[in-house]
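1. Any chance you could fold what I've pasted below:
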Amino acid sequence: NAITEESYWGWMTAGSGAFSFKSAGDKNVKADLAFTFAAPELDLGAALGGTAGETMLPIISLDRAFVKARFPEFRLTAGKTRVGWGDGFVFNAGDIVFGSTDTSVDLTAAEIRTDTRWLTAVNVPIGRFSFIEGIVLPPEPDSAGGFTLGNVTDTSAGARFYTRLGEVKLEGGYYFDNSGETDSSSGADLHRMYLGLQGNLFADWYVSSSVALPVSGEPADTAKDTFNVSAGIFHLVSLNSVSSISFRLEGLYRPFGIFEETAPADGNDPLYGLLLYPEIGWKPADTVSLTARSIFSPIDLSAMISAGVSWNVFEGLDLSCYGIVEAGDPDDIFQWKMDSSLWNPAEDMLDGAAVIISINYIY
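-> Residues are numbered from 1 along each chain as shown. Below is the predicted model:
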């Protein structure tokens, strides 16, 4: 595992299989159960103190398991799923439940933010285009995993409202984050709040802002650490009956973030005050799509860039090829060649560039 200055191309194979079961037959009830089996496998031999490689088990994850029911006066969602607070494809300051401001994402994925959690949500309509929604999340299991009982006082909960002002959508909410995680130095328990607007003026536009205050601690410092503003525009142009081109631009602005290039501290990327996400997609035909995406840090002039093509050869069969490049210095957020003092051979696999060729079949 010695790190040298020598550059080389490596290759690996990986695969995953998924089972998804969805309800049908009742328009008032929707259920979804989805598992993913992924490789490389989990080495149970080494984990249990035996011979490495003796017992291999694919990594199994429960992606979704929820039921949605529509009653005459309200709608109920229960299980492992995701709620969509705020707007944004990559950057969404309004997503105060799951968090959508980090840069650790897969730019080759069709959907960037897919994290799910166990929750219960009740949606109550209060008009044709208005509703209020309450959400409760039980305590997360400890890092050791297994079956554990959480203390009821560690429950997280919140609520949001949604309405329209003319042609503009307005939403906002509050979330008591009791998850034991924090994005500030004040402590774990936070009062999170957000406000968002969305509309259309030649293009779809959206903007969200959020801030958090500590249950205990210095509110001013926490507010500065957690104050985020995200904004974006999206526009789709139809060139003809089968061809189209789309544009998207999103930005994340931290008013009290860092606005000069800074070296990483303790292996963590600095919280720069501005990040950008540009995207362009072109569909020359119904079965072919080309996409170019990037997360760009204008403070240290580094970027993660992804570009590729996907071809729907037959119904359910897709072939795709994507290239990923990280352009930046060793101490930037995105590094062409990572600083050897920060490189972890057990975790860091991408160093500069990668090409991903995949076959996907859905039946």
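
2. Any idea which residue is closest to the centre of this protein?
-> Relative to the mean C-alpha position of the chain, the nearest C-alpha, by CA atoms, centre = their mean, is the one of Arg113, at 2.6 Å.

3. Tell me where the chain has helices.
-> 44-47, 219-226 (DSSP state H).

4. so for the shortest one, what's the average pLDDT?
-> Looking at helix 44-47 alone, the average pLDDT works out to 53.

5. just use 3 as the starting number from now, easier for me
-> Yep, numbering from 3; the last one is helix 46-49 now.

6. Across the sheet, point out what pairs with the nearest residue to the residue nearest to the centre of the chain once chain neighbours are set aside.
-> Leaving aside its chain neighbours, Arg115 sits nearest to Ser102 (5.3 Å; criterion: CB to CB, 6 or more residues apart in numbering). Every C-beta, even on glycine, is put in place using the N, C-alpha and C of the backbone. Counting by DSSP bridges, Ser102 is bridged to Asn94.

7. count of neighbours near Arg166?
-> 15 (other CB atoms under 10 Å).

8. hey, C-alpha coordinates of stretch 252-271 in CSV?
-> Written as CSV, here are the backbone C-alpha positions of stretch 252-271 (Å, rounded to 0.1, in the frame of the first residue of the first chain):
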residue,chain,number,x,y,z
GLU,A,252,-27.7,25.7,-9.6
GLY,A,253,-25.6,27.5,-7.0
LEU,A,254,-25.0,27.2,-3.3
TYR,A,255,-24.2,30.4,-1.4
ARG,A,256,-22.9,30.5,2.2
PRO,A,257,-22.8,34.2,3.2
PHE,A,258,-20.5,33.5,6.1
GLY,A,259,-18.5,30.8,4.4
ILE,A,260,-14.8,31.0,3.3
PHE,A,261,-14.1,33.2,0.2
GLU,A,262,-10.4,32.6,-0.1
GLU,A,263,-8.5,29.5,-1.0
THR,A,264,-7.8,27.4,2.2
ALA,A,265,-6.0,24.1,2.7
PRO,A,266,-8.2,21.3,4.1
ALA,A,267,-8.1,21.0,7.9
ASP,A,268,-8.2,17.5,9.5
GLY,A,269,-9.0,15.9,6.2
ASN,A,270,-12.3,18.0,5.8
ASP,A,271,-12.9,20.2,2.9
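
9. Show me what the closest residue to Ser25 other than its chain neighbours is bridged to.
-> Nearest residue to Ser25, sequence neighbours excluded (CB to CB, 6+ apart): Ala33, at 4.0 Å. Applying DSSP bridges to Ala33 gives these bridge partners: Val69.

10. Ala33 touches Lys24, doesn't it?
-> Yes: using CB atoms under 8 Å, Ala33 is in contact with Lys24, at 6.9 Å.

11. Between those two, tell me which one has more neighbours.
-> It is Ala33, of Ala33 and Lys24, that has more neighbours when counted by other CB under 10 Å, with 16 against 10.

12. quick one: low-confidence parts of the stretch 103-252 of the chain?
-> 143-152, 182-190 (pLDDT under 70).

13. Apply 50 and report the result again.
-> Residue ranges of the stretch 103-252 of the chain with pLDDT under 50: 186-188.

14. for it, what spans make up the strands?
-> 119-129, 132-139, 158-167, 170-179, 192-203, 205-216, 230-240, 246-255 (DSSP state E, counting those that start in this stretch).

15. Dump these into CSV; add distance to Gly90 as well.
-> Formatted as CSV, the strands of the stretch 103-252 of the chain follow (distance: least, CB to CB, whole Å):
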stretch, distance to Gly90
strand 119-129, 18
strand 132-139, 18
strand 158-167, 15
strand 170-179, 13
strand 192-203, 9
strand 205-216, 7
strand 230-240, 5
strand 246-255, 6
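
16. Let me know which of the ones you listed is tucked in deepest.
-> strand 205-216 (a mean of 20; mean count of other CB atoms under 10 Å).

17. That one to strand 192-203, inter-axis angle?
-> 170 degrees (axes from the mean of the first three to the mean of the last three CA atoms, to 10 degrees).

18. got the angle for strand 205-216 vs helix 221-228?
-> Using the same axes, to 10 degrees: strand 205-216 against helix 221-228 is 150 degrees.

19. What pairs with strand 205-216, parallel or antiparallel?
-> strand 192-203 (antiparallel), strand 230-240 (antiparallel).

20. So what touches the shortest one?
-> Looking back up the chat, that one is strand 230-240. Residues outside strand 230-240 that contact it (CB atoms under 8 Å, 6 or more residues apart in numbering): 88-91, 93-96, 102-103, 204-213, 246-257, 279.

21. What of stretch 203-223?
-> In contact with stretch 203-223 (CB under 8 Å, 6+ apart) are residues 88-90, 94-98, 179, 185-189, 191-201, 224-225, 228-237, 249.

22. Now do that stretch: distance to the chain's middle.
-> What separates the centre of stretch 203-223 from the centre of its chain is 17 Å, taken as CA atoms, centre = their mean, to the nearest Å.
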